[in-house]
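Q: I'll drop the sequence and a predicted model, then ask my questions.
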Amino acid sequence: MKVMKFGGTSVGSPERIKHVARLICDGQRNVVVLSAMSGTTNSLVEITEYLYKGNVPGAQEVVNGLYAKYQKVVAELLETPQWRAIATAAVDRVFSLLRSYYSERLTEAGEKEILAQGELISTALMQCYLSEQGVRSELLPALDFMRTLESGEPDMPHISTRLRRLIDMAPQAELFITQGYICRNDRGGIDNLRRGGSDYTASIIGAVLEADEIQIWTDIDGMHNNDPRYVEGTRPVSSLHFEEAAELAYFGAKILHPACVLPAKLHNIPVRLLNTLEPEAPGTLIHNCEPDGRLKAIAAKDNITAVKIKSGRMLLAYGFLHRVFETFDNYRTGIDMMATSEVGVSVTVDDDSHLAAIVDDLKHFGTVTVERDMVIICVVGDLQWESCRFQARVLEALEDIPVRMISYGGSNYNISVLVRSCDKVKALNALSRKLFD
Ligand code: ADP
Ligand code: ASP
Ligand code: MG
């Protein structure tokens, strides 16, 4: 059994939904995870923004536009009056719910419920289409099994028990459809796994069901060796170790949600990245492969802030670093990169929501400087430190670009550098030329 996840573009039109239906019906009782149709989650976010501002006409305009789109999708996707009526009823239920928020003050719980509607519609439409085609598929409601703990981590025992029970209750099913991204939180409220979270859903399901493979189907033929949005001539990487894929996903390779590699890695389930529009292409296999001594790919993580704390005697002063880290910890703010010297320490964060308070507290220990609009560029591969030249080539490639911080040796898999956002595209291209041409 495989877990097959299809992203927004893969189910972005009636034709694409029909195409996906052909890919998933291979007689193997696969679990299929669907995202919302492309653009839908963005529209839902926009609706919540208008509602938070009390701008009901703004929300209405987006809701009406989205409703017209789904009416067209239903008309083009389904042929029989019976299934068109069932699909229309499902779409109408979602839009009545959205419209019911016009008369309410939006809360966080309401926002989460609104954001969940995209996946609920796409799976309902797929289920109608498969039924019309005579396929016995079973819809597994993610809100009945996918749950997170207070920490935000998935509640694996709960997910496993509930999901297995739902599957056992449908012995006749040829395949299973479920929603990516959406879940319940520890209080039972509707929640989500953050933007792009359908990949994470697929990986969690693959892990709890001990699937043969987790397939992430998207609009590109695998993990490329650099970000194709900024660099021309990038190429797919055929094989990545779990750790390499985790570094790339965390440091900005949008093709994978940052958390998605871990459940697969812990259960040693291969993850394959495939292109819906080119199903025969080999894509990228992420697995527990042997080290091969090669550089694999480059990624960039945006919106990074660097914080430098200077103090007279830092490393000599016992407990200094502990106090610095504790300050970030008190505000539940994770640190991405760090560099130390005797007179100061620099760290980077991507979440700056508590930065003012953190900086205020850090001023007890030293002089604090904040630099915004930075980017972490991450070069990933099998970088055993005994093999020379990797680090030299990376720095040579960046000889014309000011580098604010460097991190090497945290793992065998990455070298990260911090540069200004305005130098990002230049740095990505320079690294590609030096390392891959
Ligand atoms: P989906 O909607 O299927 O989840 P995403 O948009 O989240 O798809 O991810 C696929 C996109 O990721 C690609 O279209 C590509 O622009 C972008 N991307 C960024 N970095 C990479 C990379 N290193 N390799 C492949 N795609 C990448
Ligand atoms: N629909 C959600 C999003 O757009 C989740 C996903 O596509 O993975 O972020
Ligand atoms: Mg995605």
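A: Right, received. Where do you want to start? Ligands and ions are numbered 1, 2, ... in the order given.
Q: V379 against L435, yeah?
A: Yes - using Cβ atoms under 8 Å, V379 makes contact with L435 at a distance of 7.0 Å. Where C-beta positions appear, they are placed from N, C-alpha and C, glycine not excepted.
Q: what's downstream of the strand or helix carrying A299, the next helix or strand?
A: Per DSSP states H and E, A299 falls inside strand 295-310. Sequence order places helix 320-330 as the next helix or strand after strand 295-310, per DSSP H and E.
Q: what angle separates that following helix from strand 295-310?
A: Between helix 320-330 and strand 295-310, the angle comes out at 100 degrees (axes from the mean of the first three to the mean of the last three Cα atoms, to 10 degrees).
Q: now for helix 320-330, which elements pack on it?
A: Applying 3 or more Cβ pairs under 8 Å, 6 or more residues apart in numbering; DSSP states H and E, we find helix 320-330 packed against strand 344-349, helix 355-362.
Q: For it, give me every contacting residue.
A: With contact meaning Cβ atoms under 8 Å, 6 or more residues apart in numbering, helix 320-330 is reached by 309, 311, 314, 334-335, 340, 345, 347, 349, 358, 361-362, 365.
Q: now the residues you listed as CSV including pLDDT, neighbour count and distance to ligand 1?
A: Formatted as CSV, the contacts of helix 320-330 follow (pLDDT from 0 to 100; neighbours: other Cβ atoms under 10 Å; distance: Cβ to the nearest ligand atom, whole Å):
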residue, pLDDT, neighbour count, distance to ligand 1
I309, 94, 22, 33
S311, 83, 19, 38
M314, 66, 19, 37
G334, 94, 11, 22
I335, 96, 14, 23
T340, 90, 14, 30
V345, 93, 22, 31
V347, 97, 23, 25
V349, 97, 22, 22
I358, 97, 21, 30
D361, 96, 17, 36
L362, 95, 21, 34
F365, 85, 18, 38
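Q: Please identify which of the residues you listed is nearest to I401.
A: V347 (21.0 Å; Cβ to Cβ).
Q: ok, which residues in this structure are in contact with ligand 2?
A: Within the chain, the positions near ligand 2 by Cβ under 6 Å from any ligand atom are G7, G8, S35, A36, T41, G118, G180, Y181, R195, G196, G197, S198.
Q: what about 8 Å?
A: Contacts of the chain with ligand 2, taken as Cβ under 8 Å from any ligand atom, map to 7-8, 35-36, 38, 40-42, 115, 118-119, 180-181, 192-199, 201, 257.
Q: Excluding chain neighbours, give the residue nearest to the residue positioned nearest the centre of the chain in space.
A: For the chain, H257 is the residue whose C-alpha lies nearest the centre (Cα atoms, centre = their mean; 2.2 Å). Leaving aside its sequence neighbours, H257 sits nearest to D199 (Cβ to Cβ, 6 or more residues apart in numbering; 3.9 Å).
Q: try A59
A: The shortest distance from A59 to any non-neighbouring residue, by Cβ to Cβ, 6+ apart, is to Y50 (3.9 Å).
Q: Name the residues of the host helix or strand of D92 that are buried.
A: For D92, the host element (DSSP H and E) is helix 81-100. For helix 81-100, a neighbour-count test (16 or more other Cβ atoms under 10 Å) marks W83, R84, I86, A87, T88, A90, V91, V94, F95, L98 as buried.
Q: what's the first one in contact with, if anything?
A: In other words, W83. By Cβ under 8 Å, 6+ apart, the neighbours of W83 are C128, Y129, S131, E132.
Q: Could you rerun that using 10 Å?
A: V74, L77, Q127, C128, Y129, S131, E132, Q133 (Cβ atoms under 10 Å, 6 or more residues apart in numbering).
Q: Produce a ChimeraX select command limited to the buried residues of the residues you listed.
A: Selection of buried members from the contacts of W83 for ChimeraX, criterion 16+ other Cβ under 10 Å:
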select :74,77,127,128,129,131,132
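Q: where exactly do the strands run in the stretch 151-300 of the chain?
A: Assigned by DSSP state E, counting those that start in this stretch, the stretch 151-300 of the chain shows strands spanning 175-179, 182-184, 190-192, 213-218, 239-241, 271-275, 284-287, 295-310.
Q: quick one, the longest one and strand 344-349 angle?
A: Pointing back at strand 295-310 there. Using the same axes, to 10 degrees, strand 295-310 lies at 120 degrees relative to strand 344-349.
Q: Name the residues of strand 295-310 that are buried.
A: So, applying 16+ other Cβ under 10 Å, buried residues of strand 295-310: 295-301, 304-309.
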